[in-house]
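J.: everything below, folded, please.
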Amino acid sequence: MALYDFTSYENVMVCGDLHGHFEVIYSKISVENTLFIVAGDCGFGFNRPAYYEELYSSKIRRYLTQKNNAIIFIRGNHDDPVYFDGLSFHKKRAVCAPDYSVIQTARHNILCIGGAISIDRTRRLQEQNAGFLYWKEEAPVFYPQKIKEITNSKIKIDTVISHTCPSFCPPQTKEGIQAWLSQDDDLHHDLEKERLVMDQVWETLKKQEHPIKQWWYGHYHRSAWLKQDNCYFRLLDINEMDHLF
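T.: Prediction:
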């Protein structure tokens, strides 16, 4: 279990998809003493590794240090999984967290789970040389043993932040993606499977008596919320930010 100690932070903000627009974090946000968590599609992998190192050294680190902020990146389908091994991008104030990492803050124990299915994967596979990169390991994976490890450690998860979401959360239709479905015979099945994986996570956490009160996610490029089973489910749009409560 990857465990990250950010217990010095009481204020936590979650951000929707960045798609490589890191300036949203380092130049447009004025808050201080805050931990930011990006709910996937951060933009890692579309440039050489040296690009991210330079970006952190020249801009991101200075902003985080000056305002006493930190940032956790969660894997999206538009991210190279290589960066999310806990080692490849691990700075004092910025981390690409592996799936099933636990972030401990002053007020929350947060479970982070990355991954989703790319609706545009047919184009990305066909045009990889043009920069439409695709990583076959993009889907979320249900690892019950990792949740059991968290439970056995006596850590009680109260918040989940993921890239996609359980099946009962918005959006619940395939509106707007019919063209992609017509080009990819397996897409509908894989999208359904993606949601079922998150259903398994949800049910397992409840069964093991984790007091989940909020679940945040991105991926769908819209803003919405749902209250179910005493849990607040919050979908964040691109670059949208909000505070954990």
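J.: okay, and the helix or strand of the protein with the least pLDDT?
T.: When the helices and strands of the chain are scored by mean pLDDT, DSSP states H and E, helix 23-26 comes last with a mean of 85.
J.: give me the helices and strands touching that one, please.
T.: Contact here means 3 or more C-beta pairs under 8 Å, 6 or more residues apart in numbering; DSSP states H and E; on that basis helix 23-26 packs against helix 61-66. All C-beta spots, glycine's among them, are computed from the backbone N, C-alpha and C.
J.: and the next element down the chain from the helix it packs on?
T.: Using DSSP states H and E, the helix or strand that follows helix 61-66 towards the C-terminus is strand 70-73.
J.: give the partner strands of that following strand in its sheet and their orientations.
T.: strand 34-38 (parallel), strand 94-96 (parallel) (DSSP bridges).
J.: any residues touching the very next helix or strand once past the longest one, and which ones?
T.: For strand 34-38, the following helix or strand on the C-terminal side (DSSP H and E) is helix 49-55. Residues external to helix 49-55 that are found in contact with it (C-beta atoms under 8 Å, 6 or more residues apart in numbering): Phe22, Phe44, Tyr83, Ser88, Phe89.
J.: show me which of those residues is closest to Thr164.
T.: Phe44 (17.4 Å; C-beta to C-beta).
J.: the closest one is in contact with Ile74, isn't it?
T.: No - counting by C-beta atoms under 8 Å, Phe44 does not reach Ile74; the two are 10.7 Å apart.
J.: now for those two: what residues contact both?
T.: Phe84.
J.: the helix or strand containing Val14 pairs with which strands?
T.: Using DSSP H and E, Val14 falls within strand 11-15. Strand 11-15 has the following strand partners under DSSP bridges: strand 34-38 (parallel), strand 241-243 (antiparallel).
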